[in-house]
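Visitor: Sequence first, predicted model second:
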Amino acid sequence: MFFNYADSIADHVIVETVIQEIGLPCFIKPAQTGSSIGISKVTEKKRIIPAVKMASIYDNQIIAEKAVENSIEYEIAFIGNRNKKFSIPGTIDYNDRFYTTRAKYSEEQTKLRVAVELEGELKETIYKTAKTMIELFTVKDLGRIDFLYDKNNDLLYWNEINTIPGFTEKSMFPFLWKEEGLEFKELIKYILNDGI
């Protein structure tokens with residue numbers, strides 16, 4: 001669900017629409033931020049509007065989406081234009097309620113890792129879906145595609161495309177390429193040369 005909080009929509013209308021269309025638990029987030037900034041996981045009806053107000057600090061465009069409980073996040077990176085290269089999939093081990101800004105950048109317990117448990121049909125579906133989404137949205141140069149795997153129902157959800165993925169020492173994009181044997185400097189050179 002996507003709405004503009006600047007459109008003077010009454011709070012009770014937002015609450016009822018979120019409950020009817022999305023349900024709880026859900027995530028409320030600004031549409032155009034990264035690193036989980038301004039995102040809230042909402043488990044109670046009374047917390048919807050405070051979460052919307054928090055998100056609206058960063059963007060008038062607000063997204064409400066259903067939380068996939070008991071899920072694993074899988075991420076895959078790509079580089080290149082005509083000849084796109086896709087990385088191995090990775091995942092994240094963290095202790096927060098969800099993959100918060102704190103979990104991404106401050107928590108020592110957070111670990112990026114290659115998703116060695118991912119195999120067979122699910123792995124192939126991730127690759128195929130990633131390629132489809134890149135073609136559908138005509139994304140070029142580089143990006144990271146994120147998925148959520150619902151362990152309870154054996155369902156894979158495409159979550160988002162990050163067209164400017166993080167490049168910190170704790171970011172998945174350079175981590176996955178390092179695991180593929182492409183160190184940071186070589187990765188930057190490849191992206192620049194391919195773009196030129």
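Guide: Ah, there it is. Residues are numbered from 1 along each chain as shown.
Visitor: need the contact list for Ile126.
Guide: 74, 76, 89, 118, 147, 156 (C-beta atoms under 8 Å, 6 or more residues apart in numbering). C-beta here means a position set from N, CA and C on the backbone, and glycine is covered the same way.
Visitor: List the buried residues for the host helix or strand of it?
Guide: Applying DSSP states H and E as the criterion places Ile126 in helix 120-136. By 16 or more other C-beta atoms under 10 Å, the buried positions in helix 120-136 come out as 122-123, 126, 129-130, 133-134.
Visitor: Closest one of these to Pro50?
Guide: Met133 (32.2 Å; C-beta to C-beta).
Visitor: need the contact list for the closest one.
Guide: Neighbours of Met133 in contact, by C-beta under 8 Å, 6+ apart: 139, 145, 158, 161.
Visitor: can you check Thr125 too?
Guide: Leu156.
Visitor: Could you measure from it over to Gly166?
Guide: 25 Å (C-beta to C-beta, to the nearest Å).
Visitor: same deal with Asn60?
Guide: With C-beta to C-beta as the criterion, Asn60 and Gly166 are 24 Å apart.
Visitor: Who has more neighbours out of those two?
Guide: Comparing Asn60 with Gly166 by other C-beta atoms under 10 Å, the one with more neighbours is Gly166, at 17 against 14.
Visitor: Surely that one is in a helix?
Guide: No: read with DSSP: H, G, I helix; E, B strand; the rest coil, Gly166 is coil and lies in no helix.
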